[in-house]
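*Asks:* Next come a sequence and a model predicted from it.
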Amino acid sequence: MDCIDLFKKAAAAMQTDPRYLELDAARRMNDADEELQKMIGEFNLQRLDLNRASAEAEPDSARIAELNQKINDLYTQIISSEGMVRYNAAKSECEAMVNHIDAIINTAMNGGDPMTVQAPQGGCTGSCASCSGCH
């Protein structure tokens, strides 16, 4: 078995991690939330309207300001909804896990011992040339 096959097995194992399972559950919950999907659809329509209004030969600044306000209001509603709060928290946890995995891979690629890599702190991805993923 080569390293690609091993990484595929590791990726499948990652999909059984509680952090991934929470992200997947939050994603499915949001997909099934009709009110949230309605707001997202409205947000997208308002963005299209804003793009059209902005591209007009003589843009109506009052209309553009109104559309911007609607878009900002919808965005605030969407991002503060229970489902999106849950999703974003789970996404952050998964991103931290992926950053740790990335630090392990980069450490190994730089000749370091991947077994000693600790989870990166403070947004470190372990990808800089001198990093061993230990920041």
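*Replies:* Perfect, I can see it now.

*Asks:* Enumerate every residue touching the residue most central in space within the chain.
*Replies:* In the chain, the residue lying closest to the centroid (Cα atoms, centre = their mean) is residue 91, at 5.6 Å. By Cβ atoms under 8 Å, 6 or more residues apart in numbering, the contact set of residue 91 is 23, 26. Every residue, glycine included, has its C-beta placed from N, CA and C.

*Asks:* Equivalent analysis for the one 3 residues further on, please.
*Replies:* Applying Cβ under 8 Å, 6+ apart, we find residue 94 in contact with 19, 20, 23.

*Asks:* Scan these and report the most crowded one.
*Replies:* For the contacts of residue 94, the largest neighbour count, defined by other Cβ atoms under 10 Å, is 23 neighbours, found at residue 23.

*Asks:* Please determine how far that one is located from residue 31.
*Replies:* 13 Å (Cβ to Cβ, to the nearest Å).

*Asks:* next one: residue 98
*Replies:* From residue 98 across to residue 31, the span is 22 Å (Cβ to Cβ).

*Asks:* and the longest helix for the protein?
*Replies:* helix 82-109 (DSSP state H).

*Asks:* Give me the more crowded residue out of residue 98 and residue 31.
*Replies:* Shown here are residue 98 and residue 31; by other Cβ under 10 Å, residue 98 has more neighbours (14 against 10).

*Asks:* give the contact list for that one.
*Replies:* Listed by Cβ under 8 Å, 6+ apart, the contact set of residue 98 is empty.

*Asks:* Break down the chain into its helices, ranges please.
*Replies:* Remark: helices assigned in the chain by DSSP H are 3-14, 18-32, 34-55, 61-79, 82-109.

*Asks:* Generate JSON lines for the ones you listed, with mean pLDDT and distance to residue 117 as supplementary columns.
*Replies:* Shown next, in JSON lines, are the helices of the chain (pLDDT from 0 to 100; distance: least, Cβ to Cβ, whole Å):
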{"stretch": "helix 3-14", "mean pLDDT": "96", "distance to residue 117": "14"}
{"stretch": "helix 18-32", "mean pLDDT": "98", "distance to residue 117": "18"}
{"stretch": "helix 34-55", "mean pLDDT": "97", "distance to residue 117": "38"}
{"stretch": "helix 61-79", "mean pLDDT": "97", "distance to residue 117": "33"}
{"stretch": "helix 82-109", "mean pLDDT": "97", "distance to residue 117": "5"}
